[in-house]
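> Got a predicted structure plus its sequence, pasted below:
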Amino acid sequence: MTAAENVCYTLINVPMDSEPPSEISLKNDLEKGDVKSKTEALKKVIIMILNGEKLPGLLMTIIRFVLPLQDHTIKKLLLVFWEIVPKTTLDGRLLHEMILVCDAYRKDLQHPNEFIRGSTLRFLCKLKEAELLEPLMPAIRACLEHRHSYVRRNAVLAIYTIYRNFEHLIPDAPELIHDFLVNEKDASCKRNAFMMLIHADQDRALDYLSTCIDQVQTFGDILQLVIVELIYKVCHANPSERARFIRCIYNLLQSSSPAVKYEAAGTLVTLSSAPTAIKAAAQCYIDLIIKESDNNVKLIVLDRLIELKEHPAHERVLQDLVMDILRVLSTPDLEVRKKTLQLALDLVSSRNVEELVIVLKKEVIKTNNVSEHEDTDKYRQLLVRTLHSCSVRFPDMAANVIPVLMEFLSDNNEAAAADVLEFVREAIQRFDNLRMLIVEKMLEVFHAIKSVKIYRGALWILGEYCSTKEDIQSVMTEIRRSLGEIPIVESEIKKEAGELKPEEEITVGPVQKLVTEMGTYATQSALSSSRPTKKEEDRPPLRGFLLDGDFFVAASLATTLTKIALRYVALVQEKKKQNSFVAEAMLLMATILHLGKSSLPKKPITDDDVDRISLCLKVLSECSPLMNDIFNKECRQSLSHMLSAKLEEEKLSQKKESEKRNVTVQPDDPISFMQLTAKNEMNCKEDQFQLSLLAAMGNTQRKETADPLASKLNKVTQLTGFSDPVYAEAYVHVNQYDIVLDVLVVNQTSDTLQNCTLELATLGDLKLVEKPSPLTLAPHDFANIKANVKVASTENGIIFGNIVYDVSGAASDRNCVVLSDIHIDIMDYIQPATCTDAEFRQMWAEFEWENKVTVNTNMVDLNDYLQHILKSTNMKCLTPEKALSGYCGFMAANLYARSIFGEDALANVSIEKPIHQGPDAAVTGHIRIRAKSQGMALSLGDKINLSQKKTSI
């Protein structure tokens with residue numbers, strides 16, 4: 001075991017700037033100084049011994065002049081001193097002076113002060129010399145009967161440690177502690193005693209538990225937690241004991257302590273897969289989520305519920321608890337709500353979908369009444385999407401959901417309104433019976449829509465799905481109402497001129513007031529600026545969009561007008577009415593064209609929009625059957641194809657998900673009968689407590705280790721050359737939020753190296769947690785030094801440094817060996833993730849850092865190159881396979897990934913194969929990376945460049 005891996009009981013802060021004192025001055029302070037100077041001298045002695053100094057001359061001085069003192073600070077420091085000082089001679093025999101120390105501690109174990117007794121007992125847990133402990137055993141036993149609980153609980157710990165290390169010193173320890181446990185009243189003492197029995201003599205622990213199994217609920221939470229651990233371990237090792245203790249676990253689900261309830265629920269799930277057990281555990285988890293205020297706790301417990309759902313047998317039980325799970329939505333945290341809605345959506349079935357929709361509708365209405373908050377809009381968006389998914393899976397629900405959601409088309413939050421619009425578009429296409437209802441509701445809210453993007457979508461839906469004469473007339477009325485008085489240019493000019501008249505009428509003085517002091521006329525803008533707000537308020541929505549220069553909506557309006565005019569012509573036989581309607585539609589388009597060419601809008605109309613409106617005018621003037629087909633049939637077919645492709649893709653992903661979860665058993669797989677399984681075979685199941693302990697220590701056993709190529713040697717970095725006086729190499733272990741460097745240092749000289757220190761520094765978003773302590777290396781000796789580095793964000797980091805040391809006996813300055821740099825790979829923190837197209841576009845617009853990488857490779861196949869990029873960057877391709885299939889000489893794909901710190905990374909791959917250069921031409925193009933932070937964008941770009949270089953070798 002290396003020095004760094006030894007159990008550490010005490011952390012001592014060492015100031016490195018001061019000069020080490022001489023042994024003579026320390027001896028003088030320890031002999032003749034007052035209590036304060038003796039305390040300081042003792043601290044210096046401890047630090048020097050920790051740094052590898054041998055101070056044998058001071059041992060007797062400390063025993064004579066410091067050990068008899070009663071000062072509490074000195075007594076604490078002496079405990080540290082006796083822990084670290086060498087207690088044996090070179091041949092391994094105990095030093096004679098230690099007998100005096102042993103006697104002093106026997107007196108401390110009988111001291112009237114309970115703190116001194118207790119801290120001495122704690123110190124005895126750290127001693128590894130049986131000869132020192134043997135004379136103290138009667139005093140340790142006597143401490144079990146002390147009046148104070150602090151002494152008793154430390155006495156139990158001391159007896160447990162001594163029994164574990166030197167059983168011959170106290171062979172009757174389990175019996176002694178069992179008797180102590182039966183009579184003990186203090187919760188912490190009972191917990192320590194029970195803990196000892198679990199590890200030292202499990203049968204006695206079970207005997208004790210059997211006698212008081214009905215009183216378990218009355219115990220303190222610390223003891224209850226240990227009981228849960230014992231029951232889990234016993235049932236894990238011997239499944240036949242389950243029936244004996246499962247009732248106790250059920251009772252502990254009612255404990256007042258959240259920690260006990262959580263552990264009991266987790267244990268119950270591992271011990272029994274009966275529906276009643278799963279339901280009780282899930283109910284316990286839900287109560288914990290609702291009652292606990294800490295969002296981190298809520299998220300952890302939600303993850304446990306999601307794990308339960310992953311088991312096919314448990315899913316049915318959880319489906320009955322969907323309404324209870326939805327109670328978690330009362331939490332204001334968005335992340336908790338997001339996970340809860342996803343879980344509820346995964347569990348919803350035809351039996352409870354109606355109740356789910358009622359709850360979600362109530363939540364949607366609640367968000368309308370809440371004062372605007374940053375997360376309210378996002379929560380509303382989540383609710384809309386969940387309702388959308390429910391309606392797609394259970395079409396009967398759509399009629400209940402649509403009227404509530406369509407109120408949100410007039411919402412100020414464009415994202416939520418856009419989600420509603422997308423839902424409405426899908427519903428109106430898929431459910432023929434709802435078309436009348438949707439069109440009716442759309443006409444109701446049409447005038448209140450505030451966002452131009454939503455207005456455009458609403459226009460398209462109305463134009464596409466208005467099939468009756470009355471609906472077409474209603475749409476035309478709404479458009480006229482939203483456009484205001486036409487022709488627009490003339491009416492606007494009149495309005496501007498008309499606003500002068502009221503000004504003149506209101507003015508009390510003569511008309512000459514319109515002339516300035518300098519004799520010039522006041523400009524029009526100066527007059528109109530006195531009442532701008534009134535003019536803005538009076539302006540209808542569509543007119544407002546056009547005057548703001550947004551003519552894309554005008555192109556959409558022209559298409560809508562063309563569709564409804566062509567449909568009206570087909571529906572109405574009367575020629576006069578046909579001509580009248582078509583003429584009105586053409587007049588609206590012409591007036592918009594006129595407005596676009598005038599100087600009234602803030603921005604002039606674009607050529608594309610002019611072309612579109614002109615085309616629509618031409619179509620209406622000719623009314624050819626071909627154009628009628630294109631406008632009224634093929635547009636809808638395109639939407640139908642898109643929606644069916646999307647639905648097929650969703651079904652495929654769901655099928656893949658369900659295939660993953662279905663447990664497949666091969667015909668020749670052995671069947672395991674629990675009753676026939678030998679005890680030693682039961683250990684194949686993993687111990688959850690052991691796994692959680694390993695995870696906390698960062699020693700998780702990864703599945704990749706089965707691969708011989710994935711051994712530790714692949715991650716070893718050589719830091720110095722073989723000819724350097726000190727050779728060093730590091731194993732880099734990445735453990736989520738921190739990096740552990742295990743550095744092997746070898747002294748290749750024939751000298752003793754003192755104060756050998758590994759000095760590290762970091763570049764990037766890395767932070768060194770603590771400085772590694774100095775070592776003394778004997779000739780040709782080696783040691784392991786561990787250093788922890790915290791990682792705060794996803795970017796390439798560099799760790800660099802050197803090793804400095806003194807050569808004993810040399811008069812020269814400190815020697816230094818410079819180390820090679822260690823590069824931390826960004827790929828350890830990036831994981832593939834998914835998001836919707838809308839979210840991707842929104843993030844693409846928001847992220848400010850972009851890195852454009854030019855494709856430079858010798859690969860000749862577009863798809864191979866894309867797969868290579870996905871593999872080397874850990875990103876996920878969002879573009880569906882159908883869109884990438886086939887061969888046309890170019891390819892565009894969107895990639896997405898998220899770091900473990902919650903940072904998003906987007907990439908757009910635009911590549912082509914220059915066909916004119918022949919079949920062996922390399923792929924060319926660009927990859928654009930966008931991220932919120934500069935480090936992420938640059939690091940990903942570097943990674944792509946590096947992987948390209950590797951392939952082009």
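Right, received. Where do you want to start? Numbers count the residues shown, from 1 in each chain.
> now the strands for the stretch 751-900 of the chain?
Under the criterion DSSP state E, counting those that start in this stretch, the stretch 751-900 of the chain contains strands at 753-763, 766-768, 775-777, 782-791, 797-807, 815-818, 822-824, 830-832, 849-854, 876-877, 890-899.
> List the pairing partners of the shortest one within its sheet, with orientation.
If I follow you right, that is strand 876-877. Under the criterion DSSP bridges, strand 876-877 sits next to strand 890-899 (antiparallel) in its sheet.
> Going by neighbour count, which residues in the strand it pairs with are buried?
Buried residues in strand 890-899, counting neighbours by 16 or more other C-beta atoms under 10 Å, are found at Met891, Ala893, Asn894, Leu895, Tyr896, Ala897, Arg898, Ser899. Every residue, glycine included, has its C-beta placed from N, CA and C.
> Redo the strands of the stretch 751-900 of the chain as a markdown table? Include distance to Asp303.
Shown next, in a markdown table, are those (distance: least, C-beta to C-beta, whole Å):
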| stretch | distance to Asp303 |
| --- | --- |
| strand 753-763 | 32 |
| strand 766-768 | 28 |
| strand 775-777 | 42 |
| strand 782-791 | 22 |
| strand 797-807 | 29 |
| strand 815-818 | 45 |
| strand 822-824 | 28 |
| strand 830-832 | 16 |
| strand 849-854 | 31 |
| strand 876-877 | 21 |
| strand 890-899 | 17 |
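> need these in CSV with mean pLDDT and distance to Ile47, can you?
Shown next, in CSV, are the strands of the stretch 751-900 of the chain (pLDDT from 0 to 100; distance: least, C-beta to C-beta, whole Å):
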stretch, mean pLDDT, distance to Ile47
strand 753-763, 86, 12
strand 766-768, 80, 21
strand 775-777, 84, 14
strand 782-791, 86, 18
strand 797-807, 87, 17
strand 815-818, 90, 23
strand 822-824, 82, 30
strand 830-832, 85, 43
strand 849-854, 90, 47
strand 876-877, 90, 53
strand 890-899, 89, 41
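> winner for burial among these?
strand 775-777 (a mean of 21; mean count of other C-beta atoms under 10 Å).
> any residues touching that one, and which ones?
Outside strand 775-777, the residues that touch it by C-beta atoms under 8 Å, 6 or more residues apart in numbering are 3, 51-52, 726, 745, 747, 752-757, 783, 785, 805.
> repeat that with 6 Å
Here strand 775-777 makes contact (C-beta atoms under 6 Å, 6 or more residues apart in numbering) with Gly52, Asn747, Leu753, Gln754, Cys756, Ala783.
> now do stretch 816-827
With C-beta under 6 Å, 6+ apart, stretch 816-827 has contacts from 717, 719-720, 724, 726, 794, 796-804, 874, 939.
> Okay, strands next: where are they in the stretch 551-700 of the chain?
Taking DSSP E, counting those that start in this stretch as the criterion, the stretch 551-700 of the chain carries no strands.
> Asp221 contacts Ser257, doesn't it?
Yes. Counting by C-beta atoms under 6 Å, Ser257 is a contact partner of Asp221 at 3.5 Å.
> tell me, how many neighbours does Ala570 end up with?
Using other C-beta atoms under 10 Å, Ala570 has 12 other residues around it.
> With respect to Thr61, which of the buried residues of strand 890-899 is nearest?
Ser899 (57.1 Å; C-beta to C-beta).
> and that closest one, bridged to which residues?
Ile830.
> State the distance from it to Gln831.
Going from Ser899 to Gln831 by C-beta to C-beta, to the nearest Å gives 7 Å.
> ok, now Asp864?
Plainly put, Asp864 is 23 Å away from Gln831 if you go by C-beta to C-beta.
> for His314, same thing?
From His314 to Gln831 the distance is 26 Å (C-beta to C-beta).
> Likewise for Met137?
Taking C-beta to C-beta as the measure, Met137 and Gln831 are separated by 55 Å.
> Could you do Cys248 as well?
40 Å.
> How many neighbouring residues does Thr717 have?
Counted with other C-beta under 10 Å, Thr717 comes out at 17.
> let me fix that: Glu167
Glu167 has 11 nearby residues by other C-beta under 10 Å.
> now His868
Other residues close to His868 by other C-beta under 10 Å number 19.
> and the gap between it and Ile927?
Counting by C-beta to C-beta - His868 and Ile927 are separated by 12 Å.
> so what sits against both of those two?
Going by C-beta under 6 Å, 6+ apart, no residue sits against His868 while also sitting against Ile927.
> OK, contacts around Asp34?
Neighbours of Asp34 in contact, by C-beta under 6 Å, 6+ apart: none.
> Centre of the chain to stretch 347-367, how far?
Distance of stretch 347-367 from the chain centroid (C-alpha atoms, centre = their mean, to the nearest Å) equals 27 Å.
> any idea of the mean pLDDT in it?
Averaged over stretch 347-367, pLDDT sits at 83.
> need the helix or strand of the protein with the lowest average pLDDT.
helix 524-528 (a mean of 35; mean pLDDT, DSSP states H and E).
> can you pull out the helices in the stretch 401-550 of the chain?
All helices of the stretch 401-550 of the chain, identified by DSSP state H, counting those that start in this stretch, fall at 414-430, 435-445, 452-465, 469-483, 488-498, 500-506, 524-528, 532-538, 541-547.
> can you list the residues that contact the second one?
Just to be clear, that refers to helix 435-445. Pro403, Met406, Leu409, Ser410, Ile428, Leu462, Tyr465, Asp471, Ser474.
> got the contact list for Leu271?
Cys235, Arg242.
> Please disregard the earlier target; I meant Asp71.
Counting by C-beta under 6 Å, 6+ apart, Asp71 has contacts Val35.
> Roughly how far does it sit from Leu557?
Note on Asp71: its distance to Leu557, by C-beta to C-beta, is 91 Å.
> Next: Thr267.
Thr267 is 65 Å from Leu557, by C-beta to C-beta.
> higher neighbour count, the two?
Leu557 (28 against 25).
> Can you tell me the closest non-neighbouring residue to the more buried one?
In space, and not counting its chain neighbours, Leu557 is closest to Leu459: 5.8 Å by C-beta to C-beta, 6 or more residues apart in numbering.
> try Leu124
Per C-beta to C-beta, 6+ apart, closest to Leu124 is Ala158, 4.8 Å.
> buried ones in the host helix or strand of the one you found?
Per DSSP states H and E, Ala158 falls inside helix 149-165. For helix 149-165, the buried set under the neighbour-count rule, 16+ other C-beta under 10 Å, comprises 149-163.
> And for stretch 185-202?
Those buried within stretch 185-202 under the rule 16+ other C-beta under 10 Å are 187-198, 200-201.
> quick one: contacts of stretch 749-762?
725, 743, 747, 768, 772, 774-779, 785, 787, 799-808.
> mind redoing it with 8 Å?
By C-beta under 8 Å, 6+ apart, stretch 749-762 touches 51-52, 725-726, 728, 741, 743, 745, 747, 768, 771-772, 774-780, 785, 787, 789, 797-810, 814.
> With stretch 81-95 instead?
9-10, 42, 45-46, 49-50, 54, 59, 62, 98, 101, 123, 126-127, 129, 131-132.
> Now with 6 Å, please.
Against stretch 81-95 from outside (C-beta under 6 Å, 6+ apart): Ile46, Ile49, Met98, Lys126, Glu129, Glu131.
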